[in-house]
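[1] sequence first, predicted model second:
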Amino acid sequence: MGELTGKGAVVTGGGRGIGLACARLIAHRGGSVALLGEDHEVLELAAATLRTEGLNVVAIAADVGIEDQVATAMEQSAAFLGSIDILVNNAAIQPYGTVASMGSAEWDHVIGVNLRGTYLTCHHALPHMLRLQRGSIINIASVQALANQTRVAAYATSKGGMLALTRSLAVDFGPSGIRANAVCPGCIDAPMTRFSAAKAAPGREEEILREWGKAQPLGRIGRPEEVAEVVAFLASDRASFCTGAEFRVDGGLMASLGVALPE
């Protein structure tokens, strides 16, 4: 019997990277998990892998930016899970561009997936949580909600909005027994990071990842499983007095000014 036994969890972007790591750990700790994502083949492969580990999971294809698909996916999730006790909003995209270079259609797409998608999943999961007067919403934001690299205007804006949305959820639904928190990963060895490394230096991805790791006080990039540990904690009753908070999983990146004094 794990600490999440009897809990039903929905994880968006659950087919790979951080989302898959969160789904796996929640399920290993006793929860049942619905994997949501746009790529049906990726989701089915992830679900099949988790089932070989004896875990109770289902794959449900849905674009989090399209409300009809989200509404249907939440009903399907609730039917499989029995209840929606945990919602992990992980689905995200990160195209590069400045406010000057990025067109409005691409800007709207980023906000639509990352921020509007989070709103839509919360909007359609909350009725299930409100009926039970309990729930934990965990929004996977980013350290780029707090400080920016160059050419990520839309992504950073969407993640900053997620932090504000998290606070609103905590304030509005705390009296109903529903907690909402955000997790802000730093540089994590996940598909999005590897895509960025390949774009920065094709054929030199591993070298680039090692270089990026040196920017963290811990001297390396993180693993999806390390983010999942924080998510699983927030999903559990051990985090019963945690809501409206931001939890950094960044190897100390945001604690450092990045300026070294001479010896």
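    All right, it came through fine.

[2] other SSEs contacting the lowest-mean-pLDDT helix or strand in the chain?
    Least confident helix or strand of the chain, by mean pLDDT, DSSP states H and E, is helix 191-200 with a mean of 86. Contact partners of helix 191-200 among helices and strands, from 3 or more CB pairs under 8 Å, 6 or more residues apart in numbering; DSSP states H and E: helix 205-213. C-beta: built from backbone N, CA, C; applies to glycine.

[3] can you pull the contacts of the closest residue to E246 other than its chain neighbours?
    Leaving out its chain neighbours, the residue that sits closest to E246 by CB to CB, 6 or more residues apart in numbering is A182, at 4.8 Å. Taking CB atoms under 8 Å, 6 or more residues apart in numbering, we find A182 in contact with I138, N139, I140, A141, A145, M162, L163, T166, A245, E246, F247.

[4] any idea what A182 is bridged to?
    N139, E246 (DSSP bridges).

[5] and I111, what's its pLDDT?
    I111 carries a pLDDT value of 98.

[6] what about it, distance to T157?
    Separation of I111 from T157 (CB to CB, to the nearest Å) stands at 7 Å.

[7] kindly report the same for G222.
    Counting by CB to CB, the gap from G222 to T157 is 23 Å.

[8] looking at these two now, which is surrounded by more residues?
    Of the pair G222 and T157, G222 is the one with more neighbours under other CB atoms under 10 Å, namely 22 against 19.

[9] neighbours around the spatially closest residue to that one that is not a sequence neighbour, how many?
    In space, G222 comes closest to I188 once its chain neighbours are excluded; the distance is 4.5 Å by CB to CB, 6+ apart. Neighbour count of I188, defined by other CB under 10 Å: 22.

[10] quick one: the strands in this protein, in order.
    Along the chain, the segments classed as strands by DSSP state E run 8-12, 32-37, 57-61, 86-89, 135-140, 178-185, 246-249.

[11] would you list those strands in TSV and tack on mean pLDDT?
    Below are the strands of the chain laid out as TSV (pLDDT from 0 to 100):
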stretch	mean pLDDT
strand 8-12	99
strand 32-37	98
strand 57-61	98
strand 86-89	99
strand 135-140	99
strand 178-185	99
strand 246-249	98
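
[12] take these and lay them out in CSV including distance to A239.
    Below are the strands of the chain laid out as CSV (distance: least, CB to CB, whole Å):
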stretch, distance to A239
strand 8-12, 14
strand 32-37, 18
strand 57-61, 23
strand 86-89, 11
strand 135-140, 7
strand 178-185, 7
strand 246-249, 10
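
[13] so which of these gets nearest A46?
    Of all those, strand 32-37 sits nearest to A46, with 5.9 Å by CB to CB.

[14] for that closest one, packing partners?
    By 3+ CB pairs under 8 Å, 6+ apart, strand 32-37 packs against strand 8-12, helix 17-28, helix 40-52, strand 57-61, helix 67-81.
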